[in-house]
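Engineer: Need a 3D model of the sequence below.
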Amino acid sequence: MAVNANLILAVEAIPMMVGFLLTLPIGARLAPLLSKTWPSLGSVRGRQIAGLLLVMLSGLIVSAHTWWIHERLSQLGGDFCASDGLFSCDDVIGHDTYGYAPLIGLPWGLVGVGVFTVLLYAGLVLQKEPDAPNGRRAVQAMLLLTGGGMGVILLLVSYEIRIEKLCQYCSTAHLANVLVLVTSWRMWRMMENGTWSDAARPDPK
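Structural biologist: Down below sits the predicted model:
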């Protein structure tokens, strides 16, 4: 069962990997394969926004799956991705204490769903109004959420150290948060140094 769980996770992480590659210079080499279907990929800014949305979507999917695993373990018990090795999402997600966010008492997967839903909404606002004040505020919201998320990630890693198990689903959601933070920071710098509008120009032929 652990192998199947890991294969499912690998599939769910594909949009995140493709999306982040699109935000990098190598994205210019990938764009011609897709730009006929998605013309927005023909510019640096278009690739960054599209890639960011893919990363957020992947984070949302993985978080939703994490929540599903938690509910399954809570109601039915059993194993989903338990392992005798270092990685075991069951031991972390299904933990009676560490499987819930402090103070609010919600499963971490549900918290992740909420965060990535807000991030995805902000990303769609940016896509619709990249040059408007709302687009700028959307990037600020992304920075605020993902920057604050780094503290949460450190807390969750400390839980994993105490349990002596790592949750592969949790780590993938953490990676999505980091990639959104990195990409939104790059976008913010472009807005600040005045290159954001220039990045919307089509790639040279």
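Engineer: Just the buried positions in stretch 22-39, please.
Structural biologist: By 16 or more other Cβ atoms under 10 Å, the buried positions in stretch 22-39 come out as 22-23, 27-28, 30-31, 34-35. For glycine as for every other residue, the C-beta is placed from the backbone atoms N, C-alpha and C.
Engineer: Can you lay out those residues as a markdown table showing secondary structure and distance to Asn6?
Structural biologist: Formatted as a markdown table, the buried residues of stretch 22-39 follow (DSSP: H, G, I helix; E, B strand; the rest coil; distance: Cβ to Cβ, whole Å):
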| residue | secondary structure | distance to Asn6 |
| --- | --- | --- |
| Leu22 | helix | 25 |
| Thr23 | helix | 26 |
| Gly27 | helix | 27 |
| Ala28 | helix | 32 |
| Leu30 | helix | 26 |
| Ala31 | helix | 30 |
| Leu34 | helix | 28 |
| Ser35 | coil | 33 |
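Engineer: Could you point out which of the residues you listed is nearest to Val157?
Structural biologist: The closest of the buried residues of stretch 22-39 to Val157 turns out to be Thr23 (Cβ to Cβ; 24.9 Å).
Engineer: Nearest to Val152 among the buried residues of stretch 22-39?
Structural biologist: Using Cβ to Cβ, the buried residues of stretch 22-39 come closest to Val152 at Thr23, 23.0 Å.
Engineer: how would you label the nearest residue to that closest one once chain neighbours are set aside: helix, strand or coil?
Structural biologist: Spatial nearest neighbour of Thr23, excluding adjacent residues (Cβ to Cβ, 6 or more residues apart in numbering): Gly51 at 3.9 Å. Judged by DSSP: H, G, I helix; E, B strand; the rest coil, the three-state class of Gly51 is helix.
Engineer: what's the burial count for Gly51?
Structural biologist: Gly51: 24 surrounding residues under other Cβ atoms under 10 Å.
Engineer: Am I right that it is in contact with Pro15?
Structural biologist: No. Here Gly51 lies out of contact with Pro15, judged by Cβ atoms under 8 Å, at a distance of 9.5 Å.
Engineer: quick one: Leu54 and Gly27, what's the gap?
Structural biologist: Using Cβ to Cβ, to the nearest Å, Leu54 is found at 11 Å from Gly27.
Engineer: cool, Ala101 as well?
Structural biologist: In terms of Cβ to Cβ, Ala101 sits 35 Å off from Gly27.
Engineer: same thing with Thr97?
Structural biologist: Taking Cβ to Cβ, one finds Thr97 at 42 Å from Gly27.
Engineer: same check, this time on Cys170
Structural biologist: For Cys170 relative to Gly27 (Cβ to Cβ), the value is 27 Å.
Engineer: Show the contacting residues for the residue nearest to Thr23.
Structural biologist: Each residue near Gly51 by Cβ atoms under 8 Å, 6 or more residues apart in numbering is listed here: 18-23, 27, 183.
Engineer: Same list (these) but as CSV, adding distance to Glu164.
Structural biologist: Below are the contacts of Gly51 laid out as CSV (distance: Cβ to Cβ, whole Å):
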residue, distance to Glu164
Val18, 33
Gly19, 32
Phe20, 30
Leu21, 34
Leu22, 37
Thr23, 35
Gly27, 39
Thr183, 33
